[in-house]
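> Sequence below, structure please.
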Amino acid sequence: MEAITYAESLQWVGWRQGQGVSSRTINYDILTINHLYKSHEKESPLEELRLRGLRHEAKNNPINYKSLEDLYEVYNESGATGKRNKVILGILIYQGIKRLELERMRLEDLDLENGLMRVRATGVTNSRILKLESKQILALSNYVYRVRPELNKRGLNYLFLSKGKGNRLGNILGVIWRSVFKYYGMKINAQQVRRSLIVHWLKTKDIREVQYMAGHRYVSSTFKYGERNLEELLEEIERIHPLNN
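I've put the predicted structure just below:
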């Protein structure tokens, strides 16, 4: 029982949903499992898991970063496009780049040997060099050398490729978010993932470092993320205070 992880629990929930099992039934199953663990005086990996809690509204409120990391671990789609989509999801979760930045990335922006990635400047963000997480390297390498050549029918130099004209990735991101919601119960978008990452960074890094990593032109833009997070924390304290109804 101790060997079951939260990531595997999410995978089980996605499998149950894929079978067409209702959210209510899955929640009853979760409660049953939690009672089993409690009877053995053990901590259940599903203790805080409820489907309603997983299905976040696609707003700007940050998501628990551990949930995003677990999502990347369990996310799995077959075929060339599925492997591409997992790589894109990883870059959104671990580097927090914007869609336009993602669309502009080229092969030469990746330095797999040193585990680095260059993000090109846009009209609203600065260019920057970001570190790749070790868990991304293998998937990225496989994508660059095996998957991408299979998808690159037009001989383009963009890192990620779409089937439409130009290189707009909006449809691909839409497919990813629908898949995440269908199989893993999380209703999220790129803006929400980016916000969650920046809030996570601010907990352990200097604000100037976070400004650089986020590509913000002004430190005031970075500061707002921490400010908003404090407001949300105060609202949560107000909501659960024992003197409040």
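
> C-terminal to the worst-scoring helix or strand of the chain on mean pLDDT, which secondary structure element comes first?
Counting by mean pLDDT, DSSP states H and E, the chain has its least confident helix or strand at helix 51-54, which shows a mean of 54. Later in the chain than helix 51-54, the nearest helix or strand by DSSP states H and E is helix 65-74.

> Skip ahead from that following helix and say which helix or strand is next.
Per DSSP H and E, the helix or strand that comes after helix 65-74 is helix 79-94.

> Could you list every helix and strand in contact with that following helix?
For helix 79-94, the contact count by 3 or more Cβ pairs under 8 Å, 6 or more residues apart in numbering; DSSP states H and E identifies helix 65-74, helix 99-104, helix 134-142, helix 148-151, helix 170-184, helix 190-202 as packing neighbours. In this view, the C-beta of every residue, glycine as well, is placed from N, C-alpha and C.

> For the second one, list every residue counted as buried.
Neighbour-count burial for helix 99-104, counted by 16 or more other Cβ atoms under 10 Å, picks out R99, E101, L102, E103, R104.

> Show me what the mean pLDDT comes to for it.
In this model, helix 99-104 has a mean pLDDT of 93.

> can you check the longest one too?
Mean pLDDT, computed over helix 170-184, is 89.

> Which strands and helices lie in contact with it?
Helices and strands touching helix 170-184, by 3+ Cβ pairs under 8 Å, 6+ apart, are helix 6-18, helix 65-74, helix 79-94.

> could you dump the ones you listed to CSV with mean neighbour count and distance to K131?
As requested, those are exported to CSV (neighbours: other Cβ atoms under 10 Å; distance: least, Cβ to Cβ, whole Å):
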stretch, mean neighbour count, distance to K131
helix 6-18, 18, 23
helix 65-74, 18, 15
helix 79-94, 19, 9
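
> Format those as TSV; extra columns: distance to G226.
Formatted as TSV, the helices and strands packed on helix 170-184 follow (distance: least, Cβ to Cβ, whole Å):
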stretch	distance to G226
helix 6-18	27
helix 65-74	14
helix 79-94	20
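
> And those: which comes nearest N27?
Closest of those to N27 is helix 6-18, at 9.8 Å (criterion: Cβ to Cβ).

> Need the residues that contact the closest one.
Identification of contacts with helix 6-18 by Cβ atoms under 8 Å, 6 or more residues apart in numbering yields 23, 26, 29, 45-46, 49, 51, 54, 66, 70-71, 73-74, 182-185.
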